[in-house]
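> kindly return the folded structure for what I paste below:
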Amino acid sequence: MSEDTGGSLHLRWQWLILLATVAGVLYLLAPVLMPFVAAALFAYLADPIVDRLERWMNRNLAVCLVFLVVSLVVVLILLLLVPFVERQISAFLTQLPIWLGWFQTRATPWLEARFGISPDILDTQQIFDALQAHWKEAGGFAASVLGKVSKSGMAVVGWVLNLVMVPVVGFYLLRDWDELVARIHVLIPRSIEPVVSRLARESDDVLGAFLRGQLSVMLVLGAFYGIGLWLVGVSVGPLIGMIAGLISFVPYLGAITGVVMGVIAALVQYQDWTHVLLVLGVFAIGQTLEGYVLVPKLVGDKIGLHPVAVIFAVLAGGELFGFLGVLLALPVASVVMVVLRYLHARYTQSELYTSAAEKPLIVVAGAPTADERPVPAPAAVAETGTPPATPPVPERR
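Reported below is the predicted structural model:
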């Protein structure tokens with residue numbers, strides 16, 4: 001093994017050890033990293049706004065203005081949206097027995113007559129009893145948790161400190177974000193700096209498109225579906241619209257869920273097909289708006305994250321690191337997708353992929369080998385440029 005090859009392998013082992021050490025430290029510090037990660041995500045999302053405001057004011061004033069607007073929005077959400085959502089959930093829980101009764105008396109006989117489905121499979125009373133049992137268990141669990149928390153003053157203090165630390169840490173990170181990025185860029189080894197910088201830019205494009213673009217699409221769709229169903233007259237329409245909007249990052253999942261819930265709510269509440277058609281019209285307009293206006297304008301074609309990859313990343317992050325893993329799932333998934341595309345490009349340009357073997361490694365049954373290929377005919381001399389072999393002249397006796 002040459003000296004250059006040995007040095008390259010030694011450098012790779014150093015990088016692997018460094019990455020393993022960083023991953024181990026993050027795993028051990030996961031319980032205390034949540035406010036810092038949340039603050040970093042907030043600073044990352046708000047940095048482009050602050051950069052634009054710097055055209056008219058200094059960065060400190062721009063950061064203060066952004067924090068003031070965000071604080072007002074949070075206060076309005078707590079004062080207006082939370083009580084409204086609570087009333088919607090109460091109305092939904094009140095109507096749930098009516099929904100189950102309609103399903104048992106109307107939908108189940110229709111399904112049995114049309115498709116031959118046994119009514120035992122669709123026993124809604126068992127479902128309702130199970131839901132009531134889980135609600136009681138959830139209430140008892142919540143009461144026990146609250147009782148333990150009330151007895152443990154340190155847990156309450158820890159939660160309050162985490163809530164206070166997020167805006168404080170977020171303020172300083174947002175104020176010094178550009179300087180922090182520049183310092184990290186200086187620390188990158190010069191030998192890999194071009195590749196790392198390119199991958200970082202691509203990761204920023206993917207992550208920014210998803211977090212800023214897709215979240216905007218989810219909020220707009222949730223508001224549109226909620227207002228549309230409310231105008232149609234569905235009593236729990238705003239709650240259904242919010243649910244459909246929040247899960248719309250998976251294509252068609254939000255719309256399908258909203259259509260099913262909206263149609264059932266309209267049938268139970270009005271028992272006619274007019275409101276069902278109005279509900280379908282709301283979701284048809286919403287899907288058209290999403291496909292032709294919202295996604296092209298807000299997300300674009302740089303997202304690169306498959307919906308299945310998003311779901312897997314969130315679930316895997318939550319399973320491994322809890323709430324911290326949920327926060328880190330999408331940033332890590334975007335970086336992994338960019339690195340995988342880079343490795344795919346390197347592989348397709350490598351000698352392993354492009355080099356042609358002298359003899360095929362796999363011989364197809366029935367295909368002639370190199371020794372069995374026929375000699376070109378004389379008519380092919382003009383095409384190949386090689387004259388055919390002259391046959392031997394027989395001897396004269």
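
> for the stretch 151-300 of the chain, which residues score under the pLDDT cut-off?
Counting by pLDDT under 70, the ranges of the stretch 151-300 of the chain that qualify are 151-158, 299-300.

> strands along that one, start to end?
Taking DSSP state E, counting those that start in this stretch as the criterion, the stretch 151-300 of the chain carries no strands.

> so where do the helices sit in it?
In the stretch 151-300 of the chain, helices defined by DSSP state H, counting those that start in this stretch lie at 153-175, 177-187, 193-208, 215-232, 237-246, 253-270, 274-289, listed in chain order.

> which residue packs closest to the residue most central in space within the chain, ignoring adjacent ones?
The centroid of the chain falls nearest to V310 when counting by C-alpha atoms, centre = their mean (3.1 Å). Closest residue in space to V310, ignoring its immediate chain neighbours: F249 at 6.3 Å, by C-beta to C-beta, 6 or more residues apart in numbering. For every residue, glycine as well, the C-beta is placed using N, CA and C.

> what is the burial count for the one you found?
20 (other C-beta atoms under 10 Å).

> contacting residues around it?
F249 makes contact with Q214, V217, M218, P307, V310, according to C-beta atoms under 8 Å, 6 or more residues apart in numbering.

> and for L327?
M34, V37, A38, L41, G317.

> secondary structure element holding the fourth one?
Secondary structure from DSSP states H and E places L41 in helix 30-53.

> could you list every helix and strand in contact with that helix?
helix 59-76, helix 153-175, helix 177-187, helix 323-348 (3 or more C-beta pairs under 8 Å, 6 or more residues apart in numbering; DSSP states H and E).

> list the buried ones in the third one?
Residues of helix 177-187 classed as buried: W177 (neighbour count, 16 or more other C-beta atoms under 10 Å).

> which elements pack onto it?
So helix 177-187, by 3+ C-beta pairs under 8 Å, 6+ apart, packs with helix 30-53.

> if we can go back for a sec, dump the contacts of L327 to JSON lines, plus distance to V234, neighbour count and pLDDT.
Formatted as JSON lines, the contacts of L327 follow (distance: C-beta to C-beta, whole Å; neighbours: other C-beta atoms under 10 Å; pLDDT from 0 to 100):
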{"residue": "M34", "distance to V234": "37", "neighbour count": "20", "pLDDT": "80"}
{"residue": "V37", "distance to V234": "38", "neighbour count": "21", "pLDDT": "83"}
{"residue": "A38", "distance to V234": "35", "neighbour count": "20", "pLDDT": "84"}
{"residue": "L41", "distance to V234": "35", "neighbour count": "19", "pLDDT": "85"}
{"residue": "G317", "distance to V234": "35", "neighbour count": "21", "pLDDT": "79"}
